[in-house]
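In: what's the 3D shape of this:
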Amino acid sequence: MSVFAVLDPAVGLAHDVVAAFAQVVPTALAIVLFTVCVRLALHPLARAAARGEKARARLAPRIAELNRKHKGRPEKLQASLAELYREEKASPFAGCLPMLVQIPFFSVMYRLFTTPNDLLGHTLFGAPLGLHVGSAHGAGEWAVFAVLYAGLAALGYVNFRRARRAQAKQAAQAPQGSAAPAQPGLAFLPYLSFGTALFAALVPLAAAVYLLTTSTWTAAERAWLHRDGAPESAIPVLA
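Out: Purely as a prediction, here's the structure:
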């Protein structure tokens, strides 16, 4: 039995909701509408995460000072950081919450679109929603995949630039003499922004439609929540 089988009740519910939407709109659009409804429900968590990021950016100079003051005394540093976050009513993990909450939803959608069902027999501009890019044939099917991948690549580039700017801003704001030595692995983090586009090549067309929808929502949501120019996390958001 697949480990994803435990998700079957939720997958069945998701299937029924998408199928209900598909009674009045094309199935691909039903996937988009269902994804938007779920992301809208998760929006309060995204707002909380944005507030957490802004709080951490505001506290960054004080955190750097604590790192300098308690260098070599990790227990004292952790206690001081905990006290700081408690006083400011902030959390160092707030930005991770929306991503963690989306994992079950992503797993349900992955199961829905990789398990044979009636939804995958529908088409998007003539291309079956259950089709993998490796099985595509004809200019029409290739064009559908090309448009979706181009959209995901464009969003990946936007997130890449955003993560690079965040890294540069963090480096510029670090107090002189207190910055930690450069870590080569951190320079690679912005390139993870293209991970969603690469993953889309491994899943059926229906899943690629979902990925493009949720990635577009994420990019627009972050742009809206940080429209005041407040610093963002240097860790890219994949979906």
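
In: CA only for contacts and neighbour counts going forward, please
Out: Will do.

In: tell me which other helices or strands the helix ranked longest in the chain touches.
Out: If you go by DSSP state H, the chain has its longest helix at helix 27-69. Counting contacts by 3 or more Cα pairs under 8 Å, 6 or more residues apart in numbering; DSSP states H and E, helix 27-69 packs against helix 8-21, helix 74-88, helix 97-114, strand 123-124, helix 205-225.

In: go with 10 Å
Out: Judged by 3 or more Cα pairs under 10 Å, 6 or more residues apart in numbering; DSSP states H and E, the packing partners of helix 27-69 are helix 8-21, helix 74-88, helix 97-114, strand 123-124, helix 139-173, helix 205-225.

In: now do that helix and helix 97-114, the angle between them.
Out: With axes from the mean of the first three to the mean of the last three Cα atoms, to 10 degrees as the basis, helix 27-69 and helix 97-114 are set at 150 degrees to each other.

In: from the chain's centroid, how far away is helix 27-69?
Out: How far helix 27-69 lies from its chain's middle: 10 Å, per Cα atoms, centre = their mean, to the nearest Å.

In: next one: the closest residue to Tyr191 other than its chain neighbours from Gly195, what distance?
Out: Closest residue in space to Tyr191, ignoring its immediate chain neighbours: Phe160 at 6.2 Å, by Cα to Cα, 6 or more residues apart in numbering. From Phe160 across to Gly195, the span is 11 Å (Cα to Cα, to the nearest Å).

In: neighbour count for the two, which is higher?
Out: Phe160 (22 against 16; other Cα atoms under 10 Å).

In: mind checking how far the more buried one is from Leu40?
Out: Distance from Phe160 to Leu40, by Cα to Cα: 24 Å.

In: lowest-confidence helix or strand of this structure?
Out: Each helix and strand of the chain was given a mean pLDDT (mean pLDDT, DSSP states H and E); the minimum falls on helix 184-188 at a mean of 66.

In: Tyr110 reaches Phe199, doesn't it?
Out: No - using Cα atoms under 10 Å as the test, Tyr110 is too far from Phe199 to be in contact (11.4 Å).

In: between these two, what contacts are shared?
Out: Common neighbours of Tyr110 and Phe199 (criterion: Cα atoms under 10 Å, 6 or more residues apart in numbering): 207, 211.

In: of the two, give the one with the bigger neighbour count.
Out: Legend: neighbour count by other Cα under 10 Å for Tyr110 and Phe199, higher for Tyr110 (19 against 12).

In: quick check: the more buried one vs Leu202, distance?
Out: 11 Å.

In: remind me which residues of this structure are low pLDDT?
Out: Applying pLDDT under 70 to the chain picks out residues 1-4, 92, 94-95, 97-99, 170-186, 229-239.
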